[in-house]
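In: Predicted coordinates and the sequence they were generated for:
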Amino acid sequence: MPIRAVLWDIDDTLFDYTGADTAGLAQHLAVEGLDGKYGTAAEALALWRRLTDRHWARFAAGEVSFPGQRRDRVRDFLGAPGMDDAEAQGWFDRYVEHYKAAWALFPDVVPVLDLLAGRYRHGVVSNSSSANQDPKLRSLGLRERFEALVCAAEIGVSKPEAAAFLAGCDALGLAPGDVAYVGDQPEIDARGARDAGLTAVWLDRDGTRGPGPEGVHRIAGLAQLPDLLAADTRFGARSGIR
C-alpha cells in the first residue's frame with residue numbers, strides 16, 4: 001500500500017529551532033546583563049538545552065504542568081529556586097520575544113512542501129503545545145499546509161511513545177502503514193515512528209550522529225524526501241546517506 005500522508009516534526013525539521021534558540025538566548029542574556037555568566041553562547045545554550053530536556057521529562061511524566069516546566073527551567077538556569085511564578089514566567093516570556101525575532105525556516109522546506117502538496121496529505125506531531133506551535137506555524141506561513149496539529153500537551157503523551165504517533169494517524173483518519181513520519185531525532189522521532197508502525201524518515205542534516213536505528217530511512221535534506229516517498233521503500237534498505 002502506498003504512502004498517503006506525511007506527519008512532520010517541527011523543531012529542527014521544518015523550523016531552525018537551534019539557530020533561533022542560539023541567537024535568541026544570546027540576545028536575551030545580553031539584555032538581562034547575563035552575557036558571559038555562562039561562558040560562551042554555545043555553553044549557555046548547552047545548559048539551557050539540558051535543563052529543557054530535564055524539565056520536559058518531568059512534564060511528560062505528569063509531574064508538572066506545561067507552563068510549570070518552563071518556570072522551573074528558568075529557576076534552575078538562574079540558580080534561583082525561590083523565584084516566584086510571576087518573576088520566572090516574566091523572564092521566560094522576555095526570552096521568547098528574542099527567540100521569536102530569530103525564527104526562520106530551513107531553505108528546503110517550502111520547495112519540498114510545494115512538491116508534495118498535491119500527492120500527500122500532511123499533519124504535524126510535536127512534543128510541545130498547540131498554544132506554542134500553532135502561532136509559530138502561522139508566523140512562518142505554514143499552518144494552512146497541515147490538516148492536523150497534534151501536540152503532546154493536549155493529548156497527554158509524548159514522542160517516542162507510540163500513542164503520540166498513532167494520535168497523528170487518527171487525526172488524519174489513516175492507518176499507521178499509510179503514513180510516513182519525518183523528524184530530526186533518531187530516537188524520539190525515527191525509532192518511535194518505526195515502532196508505532198509508520199514509515200520512519202530520519203532527517204540528519206549534518207550527518208554526524210552515527211548510523212541511527214535500524215529500519216528507518218535516513219536523508220541528509222528534504223530534497224531527498226519526494227523520491228523516497230514515491231519509491232515506497234518502507235520495507236527495503238534504508239535510503240539516503242549512511
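Out: Sure, I can see it. Computed from a predicted model, the values in this text were never measured in an experiment.
In: so where's the protein uncertain?
Out: Counting by pLDDT under 70, the low-confidence segments of the chain come to 1, 232-242.
In: Can you classify the residue sitting furthest away from the middle of it as helix, strand or coil?
Out: In the chain, the residue that sits farthest from the middle, by C-alpha atoms, centre = their mean, is Gly82; the gap is 30.8 Å. Of the three states, Gly82 takes coil according to DSSP: H, G, I helix; E, B strand; the rest coil.
In: how about the helices in this structure?
Out: Assigned by DSSP state H, the chain shows helices spanning 17-31, 41-60, 66-78, 85-101, 109-116, 130-139, 152-155, 162-172, 192-195, 225-231.
In: Of all the ones you listed, which one comes closest to Pro186?
Out: Evaluated over the helices of the chain, closeness to Pro186 peaks at helix 192-195, with 9.8 Å, by C-beta to C-beta. Bear in mind the C-beta positions are built from the backbone N, C-alpha and C, glycine included.
In: Tell me the buried residues in that closest one?
Out: Neighbour counts over helix 192-195 (16 or more other C-beta atoms under 10 Å) mark 192-194 as buried.
In: how is the protein carved up into domains?
Out: By the record's domain assignment, the chain is partitioned as 5-16+104-231, 17-101 (automatic domain parsing).
In: and among the helices of the chain, the most buried is which?
Out: helix 192-195 (a mean of 23; mean count of other C-beta atoms under 10 Å).
In: just curious, which of the buried residues of helix 192-195 is nearest to Asp114?
Out: Among those, and counting by C-beta to C-beta, the member closest to Asp114 is Ala193, at 23.5 Å.
In: which residues touch that closest one?
Out: Ala193 is in contact with 7, 165, 181, 183, 199-201, 216, counting by C-beta atoms under 8 Å, 6 or more residues apart in numbering.
In: now do Trp103
Out: By C-beta under 8 Å, 6+ apart, the neighbours of Trp103 are 15-16, 20, 136, 139-140.
In: rerun at 6 Å
Out: Ala20 (C-beta atoms under 6 Å, 6 or more residues apart in numbering).
In: Could you do the one 5 residues further on as well?
Out: By C-beta under 6 Å, 6+ apart, the contact set of Asp108 is 221-223.
In: any idea how far Phe92 is from it?
Out: Here the criterion is C-beta to C-beta, to the nearest Å. By it, Asp108 lies 31 Å from Phe92.
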